[in-house]
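*Asks:* Let's see this in three dimensions:
(one chain, ligands or ions: 2)
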Amino acid sequence: MASISLRAIEKRFGETPVLEGINLDIEAGEFLTLVGPSGCGKSTLLRILAGLEAPTSGTVVIDGNTVNEMRPADRNLAMVFQSYALYPHLTVAQNMMTPLRLRDLSFTERLPIAGPLLARSKHRALVRQVEDTAKVLKIDHLLARKPGQLSGGQRQRAALGRAMVRKPAGFLMDEPLSNLDAALRIHMRAELAELHRSLQTTFVYVTHDQAEALTMSDRMAVMMDGNILQLGTPDEIYNNPRDIRVAEFVGAPKINLLPGHLDSGGHACCGGVVLTRVAHTASDEITLGLRPEHLSVCDHTDQQALKGRVVHKENLGADIYLHISLQDGAHRMVVRATPVEGVPVSIGTDIAFKRLHGVAMVFDKAGKRIDLTDDTSAAVPEVA
Ligand SMILES: Nc1ncnc2c1ncn2[C@@H]1O[C@H](COP(=O)(O)OP(=O)(O)OP(=O)(O)O)[C@@H](O)[C@H]1O
Ligand SMILES: [Mg+2]
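*Replies:* Ligands and ions are numbered 1, 2, ... in the order given. Coordinates of the predicted model:
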């Protein structure tokens, strides 16, 4: 198990800054995800960790040792790519054996007489190692096949197997599931999380898919434009985003954002409706963030109600997402309803809805969250 620290990592390609001073401590045995939109620098950061790319400045520390000058092969971290990178002309078993052979070659070569004998017994041990790993990944019946004769999921498992056989201190994975179809991707999420639990090894996992990050990680680092905006558990990131860009990035359907203002008492208002209260009044122009599941359909006479008209609905069976055009005509919101509530769901219906008690996020003009005290989870008392 490797603990990994990144200290003030900067990276430029020519004049273009790609990473702008990344500090990150990854604990030994942790499943940490780097998540963010395309081009934000996730792969570059992972490649710097692996030693495939040198940082322009900053330090990479593995298990307390600075490894900037250390070759990738000596870092004892295994990399798994989206593209699998399997050799097409070799069987699964031979593909899985490759990293072991490469590592052992110099040793046997140095022994010209005992070498062949040693090599044979070594080979038998390696075959056993490959078979054991294949069993864990449930591909032991596929060892004689070539990559072209495997499904996408099986290929991904073979690539994982090749990374696992040499028992690395950590795995670095760059979008390993993105070539798989949607159902298999969801299945493999669970398998990877299980694999992590059984190996008890450090996983650093790159994805642009917020759902993958939320479902698999111990902690996730949300990256944008070469910076980490927030680092936290999936629960912290989803429920207590510190920045409006983080709030927008996680969650599907997206969080509803509404312009509002703070009155002199710190009440966050949207139109005539008071939605929550914050501890300070530094910024009178604010944005309110309300997740679809934190809103519920209510009576038109309710004082706390926002009003609009249903313009679209998505029926997902267990939930219905109502897209509502607000009375001001300028804004749309998505509200989650459940069929059991018996809500009017036909398009064109006028509808009233309100926030569930205690749930509304307030962001200042710069996009910083202002309804949280320093003690992360504690919101100030509510008005409603
Ligand atoms: N070798 C390179 N030379 C020049 N620019 C590069 C190079 N590699 C990456 N970049 C640029 O650096 C930025 C970050 O790239 P990176 O591959 O790290 O993004 P990413 O977050 O992994 O994106 P994606 O989700 O699309 O894989 C991009 O703007 C990219 O064009
Ligand atoms: Mg990438």
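*Asks:* Number of residues surrounding the residue in the stretch 101-250 of the chain that ligand 1 sits nearest to?
*Replies:* Nearest residue of the stretch 101-250 of the chain to ligand 1: His208, at 4.3 Å (Cβ to the nearest ligand atom). Every residue, glycine included, has its C-beta placed from N, CA and C. Other residues near His208 come to 18 when the count uses other Cβ atoms under 10 Å.
*Asks:* what does Glu69 give?
*Replies:* Using other Cβ under 10 Å, Glu69 has 9 neighbouring residues.
*Asks:* Tell me the secondary structure of it, please.
*Replies:* coil (DSSP: H, G, I helix; E, B strand; the rest coil).
*Asks:* how about Gln210, what does it touch?
*Replies:* With contact set as Cβ atoms under 8 Å, 6 or more residues apart in numbering, Gln210 has these partners: Val35, Phe249, Val250, Gly251, Ala252.
*Asks:* Also near ligand 1: which of those, exactly?
*Replies:* Taking Cβ under 6 Å from any ligand atom as the test, ligand 1 is in contact with none of the contacts of Gln210.
*Asks:* In ChimeraX, how would I select the buried members of those?
*Replies:* The buried subset of the contacts of Gln210, as determined by 16 or more other Cβ atoms under 10 Å, is captured in ChimeraX by this line:
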select :35,249,250,251
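*Asks:* mind checking how far the residue of the stretch 101-250 of the chain closest to ligand 1 is from Val222?
*Replies:* From His208 across to Val222, the span is 11 Å (Cβ to Cβ, to the nearest Å).
*Asks:* cool, Arg336 as well?
*Replies:* Separation of Arg336 from Val222 (Cβ to Cβ) stands at 23 Å.
*Asks:* more crowded one of those two?
*Replies:* Taking Arg336 and Val222 together and counting by other Cβ under 10 Å, Val222 has the greater number of neighbours (26 against 19).
*Asks:* Quickly find the element holding that one.
*Replies:* Assigned by DSSP states H and E, Val222 falls within strand 219-224.
*Asks:* Which residues does that strand contact?
*Replies:* Strand 219-224 has contacts (Cβ under 8 Å, 6+ apart) with 24, 30-37, 40-42, 45, 213-214, 228-234, 237, 245-246, 249-250.
*Asks:* same question, stretch 8-22
*Replies:* Against stretch 8-22 from outside (Cβ under 8 Å, 6+ apart): 6, 23, 41, 44-45, 48, 53, 55-60, 225-228.
*Asks:* Using neighbour counts, trim these to the buried set.
*Replies:* Leu6, Gly41, Thr44, Leu45, Ile48, Glu53, Pro55, Gly58, Val60, Gly226, Ile228.
*Asks:* Go ahead and confirm the last one touches Ile26.
*Replies:* No: with contact defined as Cβ atoms under 8 Å, Ile228 does not count as touching Ile26 (11.9 Å).
*Asks:* returning to what we had before: for the strand holding Val222, the distance to its chain's centre please.
*Replies:* A distance of 7 Å separates the centroid of the chain from that of strand 219-224, by Cα atoms, centre = their mean, to the nearest Å.
*Asks:* Tell me the strands beside it, with direction?
*Replies:* Strand 219-224 sits in its sheet next to strand 31-35 (parallel), strand 227-232 (antiparallel), going by DSSP bridges.
*Asks:* now check the last one, is it near ligand 1?
*Replies:* No: applying Cβ under 6 Å from any ligand atom, one finds strand 227-232 separated from ligand 1 by no less than 11.9 Å.
*Asks:* After that strand, which helix or strand is next? Please name it.
*Replies:* Sequence-wise, the next helix or strand downstream of strand 227-232 (DSSP H and E) is helix 234-239.
*Asks:* tell me which residues in that next one are buried?
*Replies:* Pro234, Glu236, Ile237, Tyr238, Asn239.
*Asks:* Let me know the pLDDT of the fourth one.
*Replies:* Among the per-residue scores, Tyr238 holds a pLDDT of 96.
*Asks:* Which residue, neighbours along the chain excluded, lies closest to it?
*Replies:* What sits nearest to Tyr238 in space, not counting adjacent residues and going by Cβ to Cβ, 6 or more residues apart in numbering, is Val250, at 5.4 Å.
*Asks:* isn't the one you found right up against Ile237?
*Replies:* Yes: using Cβ under 8 Å, Val250 is in contact with Ile237, at 5.7 Å.
*Asks:* Spit out the residues that contact these two alike.
*Replies:* Leu214, Val222.
*Asks:* Would you mind listing what in this protein touches ligand 1?
*Replies:* Taking Cβ under 6 Å from any ligand atom, the part of the chain that reaches ligand 1 is made up of Phe13, Val18, Gly36, Ser38, Gly39, Cys40, Gly41, Lys42, Ser43, Thr44, His208.
*Asks:* The fourth one - how many residues pack around it?
*Replies:* Put plainly, it is Ser38. 7.
*Asks:* With the fifth one instead?
*Replies:* Gly39 has 13 neighbouring residues, counting by other Cβ under 10 Å.
*Asks:* which stretches of this protein have low pLDDT?
*Replies:* The chain contains residues with pLDDT under 70 at 101-118, 272, 280-283, 340-345, 358, 373-384.
*Asks:* Okay, domains of it per the record?
*Replies:* Using automatic domain parsing, the domain parsing of the chain gives 4-239, 254-363.
*Asks:* Helices of the stretch 101-250 of the chain, start to end?
*Replies:* When secondary structure is read from DSSP state H, counting those that start in this stretch, the stretch 101-250 of the chain shows helices at 115-136, 152-164, 182-199, 210-216, 234-239, 244-249.
*Asks:* Turn the ones you listed into TSV, including distance to Leu142.
*Replies:* TSV is the format used below for those (distance: least, Cβ to Cβ, whole Å):
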stretch	distance to Leu142
helix 115-136	8
helix 152-164	6
helix 182-199	15
helix 210-216	25
helix 234-239	33
helix 244-249	37
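*Asks:* which of those is buried the deepest?
*Replies:* Among the helices of the stretch 101-250 of the chain, ranked by average contacts under mean count of other Cβ atoms under 10 Å, first place goes to helix 152-164 (a mean of 23).
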